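S.K.: any chance you can model this:
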Amino acid sequence: MLLEPMTAKKHNSPDDLLVVTFYLFARLDDFESMQSPIEQFCKERDVRGIILLAQEGINSTIAGSREGVLEVLEYLKSDERLANLTWKESHAVEQPFRKLRVRLKKEIVKMGVDGIDPNKIVGTYVKPKEWNDLISDPEVIVIDTRNDYEVKIGTFKNAIDPDIESFSELPAWVEENVDKDKNPKVAMFCTGGIRCEKSTAYLKEQGFKDVFHLEGGILKYLEEVPEEESMWDGQCFVFDERVSVGHGLEIGEYELCRACRIPICDEDKSSEHFQEGVSCPHCHDVTTPEQKSRFMERQKQIELARERGESHLTK
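M.R.: Okay, here's the model as predicted:
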């Protein structure tokens, strides 16, 4: 029997692909031996995306036909350690992933701090519909735990941007900028919830008492909270070919610069420093002439494949 969807069904075409995002912190001592069976099961159903496995759990976004994706979820949940797996749904007209990657990692989200276990200690979960009240409290410090390029295209009103290039920089930023001796109320959020689970666990381990995080992350908030009531400003970056989503998880207007992988908008594309597949205002002055030459050749191959009606694998 196929699993029932975890979210209300929207008015999508039956030909649309189902995209699901999920993670779960669970002790997987045999995670290495899980790689091949999961990979085979997904490939047999033409389900693509990325699945990260580590001793601490699983983290993934996959896409495919609704039937195939739900079969993969059912297969994963048949492992009693993953029985509590839940997910967030969205849809795409075209496959947002070129291939399937099942990777083994030391951490399913890299923080680089030993001993942090969200299964043992974590902040207080806040439902999306209760989030506005929390972050409207002037005594609450609201922290966006995502990377700088993600924050740039959208964040919550009044949120602090730590201006970090990677999640592993967050502990040092907290140590330098948030004084636990003042007993602050701290609210943290991220795309799907996984970085918040780990960051609030870190804060609790450091002695912070009042720590909260957005349950289900920004994606769940954008799905459940009506736009007219929303305190979200902009769009939410996602790690697939959709690039960004907005309220109702509708696909946004951002694209990726194929040189630096930073999201770009129409204004960026009108810049003199933009050349499709080669450079954008964010990376034009950073990449070397050799790199630009290599990107130019890759873009040429992409365009030739497009003319032949084919998909170029390095796109």
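S.K.: tell me where the stretch 1-150 of the chain has strands.
M.R.: All strands of the stretch 1-150 of the chain, identified by DSSP state E, counting those that start in this stretch, fall at 17-25, 48-54, 57-64, 88-92, 100-104, 124-126, 140-144.
S.K.: mean pLDDT for these: which is lowest?
M.R.: Mean pLDDT values for those show the minimum at strand 88-92, a mean of 87.
S.K.: which one of the strands of the stretch 1-150 of the chain lies nearest to Glu80?
M.R.: strand 17-25 (12.1 Å; Cβ to Cβ). Backbone N, C-alpha and C define where each C-beta goes, glycine included.
S.K.: now tabulate the strands of the stretch 1-150 of the chain in a markdown table and tack on distance to Gln206 and mean neighbour count.
M.R.: Conversion of the strands of the stretch 1-150 of the chain to a markdown table gives the following (distance: least, Cβ to Cβ, whole Å; neighbours: other Cβ atoms under 10 Å):
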| stretch | distance to Gln206 | mean neighbour count |
| --- | --- | --- |
| strand 17-25 | 18 | 23 |
| strand 48-54 | 22 | 21 |
| strand 57-64 | 22 | 24 |
| strand 88-92 | 29 | 21 |
| strand 100-104 | 29 | 15 |
| strand 124-126 | 16 | 16 |
| strand 140-144 | 14 | 21 |
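S.K.: which one of the ones you listed lies nearest to Asp117?
M.R.: Across those, Asp117 has its closest neighbour in strand 17-25 (7.4 Å, Cβ to Cβ).
S.K.: distance of Lys185 from Glu139?
M.R.: According to Cβ to Cβ, to the nearest Å, Lys185 stands 6 Å off from Glu139.
S.K.: compare the two and say which is more crowded by neighbours.
M.R.: Taking other Cβ atoms under 10 Å, Lys185 and Glu139 do not tie; Lys185 has more neighbours (15 against 7).
S.K.: the more buried one reaches Pro138, doesn't it?
M.R.: No: taking contacts as Cβ atoms under 8 Å, Lys185 lies outside contact range of Pro138: 10.2 Å.
S.K.: can I get the lengthiest helix in the chain in PDB, CA atoms only?
M.R.: For the chain, the helix that runs over the most residues, judged by DSSP state H, is helix 289-307. This file holds the C-alpha atoms of helix 289-307, laid out as PDB (Å, rounded to 0.1, in the frame of the first residue of the first chain):
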ATOM      1  CA  PRO A 289      40.700  33.900 -17.200                       C
ATOM      2  CA  GLU A 290      41.500  30.100 -17.300                       C
ATOM      3  CA  GLN A 291      38.300  29.300 -15.500                       C
ATOM      4  CA  LYS A 292      36.200  31.700 -17.700                       C
ATOM      5  CA  SER A 293      37.700  30.000 -20.800                       C
ATOM      6  CA  ARG A 294      36.700  26.600 -19.400                       C
ATOM      7  CA  PHE A 295      33.200  27.800 -18.500                       C
ATOM      8  CA  MET A 296      32.900  29.300 -22.000                       C
ATOM      9  CA  GLU A 297      33.700  25.900 -23.600                       C
ATOM     10  CA  ARG A 298      31.200  24.200 -21.400                       C
ATOM     11  CA  GLN A 299      28.500  26.700 -22.300                       C
ATOM     12  CA  LYS A 300      29.200  26.100 -26.000                       C
ATOM     13  CA  GLN A 301      28.700  22.400 -25.500                       C
ATOM     14  CA  ILE A 302      25.400  23.100 -23.700                       C
ATOM     15  CA  GLU A 303      24.100  25.200 -26.500                       C
ATOM     16  CA  LEU A 304      25.100  22.700 -29.100                       C
ATOM     17  CA  ALA A 305      23.300  19.900 -27.200                       C
ATOM     18  CA  ARG A 306      20.300  22.200 -26.900                       C
ATOM     19  CA  GLU A 307      20.200  22.700 -30.700                       C
END
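S.K.: alright, I will stop here.
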